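Undergrad: I'd like to go over a predicted model; first the sequence, then the structure.
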Amino acid sequence: MEKSVFAGLLLGAVMVLGGCEITQQDAHQSLVEEIRYRGNNPYIKDAELKELEKRIQTIAVAPDTQGAPYEAQFNPRNQAILDNFNDQYDHAAMMRDINLARTGFEAAVAARYPRIGVTTDCDIADKNAFFINIEDQPNRFDWQFMQGDCQNGLAHGVARAAARNPDAEFVGRFDNGIMLDGVFTTTLPDGVRLIQIGGIPYEGRIARLLTSKFDANGFQWHRYGDFNIENSFDGFGINIWGYTNKMVVYAAGHFANKKLNGFSAKQALRDVEDAKVWMTWMGMYVDDQLNGLGAWTNGLNRIQVGQWKDGSLHGIVYGQFASYYGDHHEFYVGRYENGNRQGAFQVLAQNSFAEEEVVEHYQNGNYVDNSEDDFDFGQLFVAATGAAIIGGADIPDAAKLDIGTAFIADVMGDTGGTNMQSLQNTYQQQKPKGNGTLGAAGTTTNVAGTGDKPAGDLNTYNAQITCEQTGITRTIPVPYRTEACRIAAIDFAQTFACNKLDQERVTRNCQSACGHPQCLQQ
């Protein structure tokens, strides 16, 4: 247990501390003032860790307000979390779709597809389109064409389809009888309404979409991002809990195998004395738990940045503590083991009149004394230099975790760099010998694919691409041998021609369907 200089805080109510009434707003304002006055942790020397500290401080100082208008938009705290992923998604587009889903199916259809053809004698070629649903409810439907645009007897363009047993409706874009994207709705047995807006997942095809669930009690569950046919995120995703007085970002970041894996952020409700407080964790996740470098704040009086293992602080940790009960502030650095302080901690204690630097000692989380120690704090200042924790770094998330772990092991273990050298050798052996490239968006370049040449003649399909933002339609020829590659290539062309942000998703689909990350099937 850490040395404590104050009692806990009651969130959402008033708590008496030593005869003084302190609210959540009082505590948060105290933290804001200390961060603005004291600045950053002086023990953090590495640029990447400084950036991570800056990000978690930005989240901590943002007010976690509830009530109007934050039942319909993100408050400053939740928006600050999402701002860490601006390069992964279009926030305005997500909010547009959320607001359309709130208006209901027909209103959303009218907004996205103001013109629907009148032909009724057409077919839907492929009914394997997958729709996100809750567990134990159907994801595929026996669709019947109702009306819309047709070509060669197949739905082609904007059309309406319906299904029975269970009932479902869909309006959206088709290509040669295959659903590409649109608006979907169904009603669950308990009367709960589901609406989906965006792309349509298929076998081997990940789609970016919004799926929203509207409970009778007013609760809304929105999930926006890249989905596969396993009813789960596969790539970037945002999980939003929409209460009647606040929209909460429950999780945001990179998902794999149905769990957070990669640079991500998560919030959870935790007890502080008699109260419930939304706390924030951000950093490198492995299977839903922080592993590697990460940061945490309770938004009231504590910030911690450092190493984590299996969801607990484990390794070098830099911290900031601001008492809302008295005139006391601390910056510190030291080592944690399995969530507990262990060994020497260097502490800079401050108040309004003075400051003092001491070395404190802990054993299994318990404070021992503040005697001198021969621990080399210089190691702490460079321990995370090689770890690219920030999502903007131009390397894969898995590589960020590998580099950070290897570098810290070298610094703290005085190995002479053997871990980093071993990692470099491994990467060199795995490095591909060549890779194809794509020319200007919407053009094709004769580049060899990365996989074996598939069977079938190489065809060219003239895809009609319309960008929602501009309304401009253009024809883009795409090469393909298989139908799966043709559909992936249309999605790729739409994404790059319209300058959308989910480019990582479509390159994965291209690699899966065409054997090439830019759908250049040879």
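TA: Yep, that arrived.

Undergrad: Helices of this protein, start to end?
TA: Per DSSP state H, the chain has helices spanning 24-38, 47-61, 76-82, 91-103, 105-112, 378-382, 397-413, 418-430, 483-497, 503-514. These are given in chain order.

Undergrad: got the buried residues for the second one?
TA: If I follow you right, that is helix 47-61. Glu48, Leu49, Leu52, Glu53, Arg55, Ile56, Gln57, Thr58, Ile59, Ala60, Val61 (16 or more other Cβ atoms under 10 Å). (Glycine included, C-beta is placed from N, CA and C.)

Undergrad: Need the pLDDT of the fourth one.
TA: The predicted structure scores Glu53 at 98 on the pLDDT scale.

Undergrad: so it touches Trp296, yeah?
TA: No. Applying Cβ atoms under 8 Å as the test, Glu53 and Trp296 come out as separate, 11.4 Å apart.

Undergrad: Now do the shared contacts for those two.
TA: Residues touching both Glu53 and Trp296 by Cβ atoms under 8 Å, 6 or more residues apart in numbering: Ile303.

Undergrad: Residue ranges in the stretch 351-500 of the chain under the pLDDT threshold?
TA: 371-455 (pLDDT under 70).

Undergrad: If we use 90, what do you get?
TA: Counting by pLDDT under 90, the stretch 351-500 of the chain contains low-confidence residues at 352, 369-500.

Undergrad: Most tightly packed of the helices of the chain?
TA: Stretch with highest mean neighbour count among the helices of the chain: helix 483-497 (a mean of 24; mean count of other Cβ atoms under 10 Å).

Undergrad: between that helix and helix 503-514, how big is the angle?
TA: Helix 483-497 runs at 160 degrees relative to helix 503-514, counting by axes from the mean of the first three to the mean of the last three Cα atoms, to 10 degrees.

Undergrad: I figured Met146 was touching Cys122, is that so?
TA: No. Using Cβ under 8 Å, Met146 is not in contact with Cys122; the gap is 9.3 Å.

Undergrad: Now do the buried residues in stretch 234-248.
TA: Asp234, Gly235, Phe236, Gly237, Ile238, Asn239, Ile240, Gly242, Lys246, Met247, Val248.

Undergrad: So Glu468 versus Asn351, what's the distance?
TA: 56 Å (Cβ to Cβ, to the nearest Å).

Undergrad: about what we covered before: tell me, what's touching Met146 and Cys122 both at once?
TA: Ala159.

Undergrad: the more surrounded of these two?
TA: Cys122 (23 against 16; other Cβ atoms under 10 Å).

Undergrad: ok, the closest residue to the more buried one other than its chain neighbours - contacts?
TA: Of all residues not flanking Cys122 in the chain, Cys150 sits nearest, at 4.0 Å (Cβ to Cβ, 6 or more residues apart in numbering). Neighbour list for Cys150: Gly117, Thr119, Asp121, Cys122, His156, Gly157, Ala159 [criterion: Cβ under 8 Å, 6+ apart].

Undergrad: who's the closest residue to Gly237 other than its chain neighbours bridged to?
TA: In space, and not counting its chain neighbours, Gly237 is closest to Gly225: 3.1 Å by Cβ to Cβ, 6+ apart. Beta-bridge partners for Gly225, by DSSP bridges, are Leu209, Gly237.

Undergrad: how far away is Gly225 from Asp123?
TA: Applying Cβ to Cβ, the value for Gly225 to Asp123 is 32 Å.

Undergrad: So which of the two has more stuff around it?
TA: Using other Cβ under 10 Å, the more surrounded residue of Gly225 and Asp123 is Gly225, with 28 against 13.

Undergrad: per-residue confidence at the more buried one?
TA: With respect to pLDDT, Gly225 has a value of 98.

Undergrad: Same question for Ala111.
TA: In this model, Ala111 is scored at 97, pLDDT.

Undergrad: ok, it - contacts?
TA: Ala111 makes contact with Leu100, Thr103, according to Cβ under 8 Å, 6+ apart.

Undergrad: Ala489 against Tyr480, yeah?
TA: Yes. If you go by Cβ under 8 Å, Ala489 and Tyr480 touch, sitting 5.7 Å apart.

Undergrad: anything in contact with each of those two?
TA: Each of Tyr461, Cys514, Cys519, Gln521 lies in contact with both Ala489 and Tyr480 under the rule Cβ under 8 Å, 6+ apart.

Undergrad: what residues are up against the residue nearest the centre of the chain?
TA: By Cα atoms, centre = their mean, the chain has its centre lying nearest to Gly253, at 1.7 Å. Residues near Gly253 by Cβ under 8 Å, 6+ apart: Phe85, Phe236, Gly237, Leu260, Gly262, Phe263, Ser264, Ala265, Lys266, Tyr285, Gly391.

Undergrad: any idea which of the residues you listed has the most stuff around it?
TA: Highest neighbour count within the contacts of Gly253, by other Cβ under 10 Å: Tyr285, with 29 neighbours.

Undergrad: pLDDT value on that residue, please?
TA: With respect to pLDDT, Tyr285 has a value of 97.

Undergrad: nearest residue to it other than its sequence neighbours?
TA: Nearest one to Tyr285, counting by Cβ to Cβ, 6+ apart, is Leu260 at 4.0 Å.

Undergrad: What of Asp457?
TA: Arg481 (6.8 Å).

Undergrad: pull the longest strand from the protein.
TA: In the chain, assigned by DSSP state E, the strand with the most residues is strand 259-272.

Undergrad: Each with direction, which strands does it pair with?
TA: strand 247-256 (antiparallel), strand 275-286 (antiparallel).
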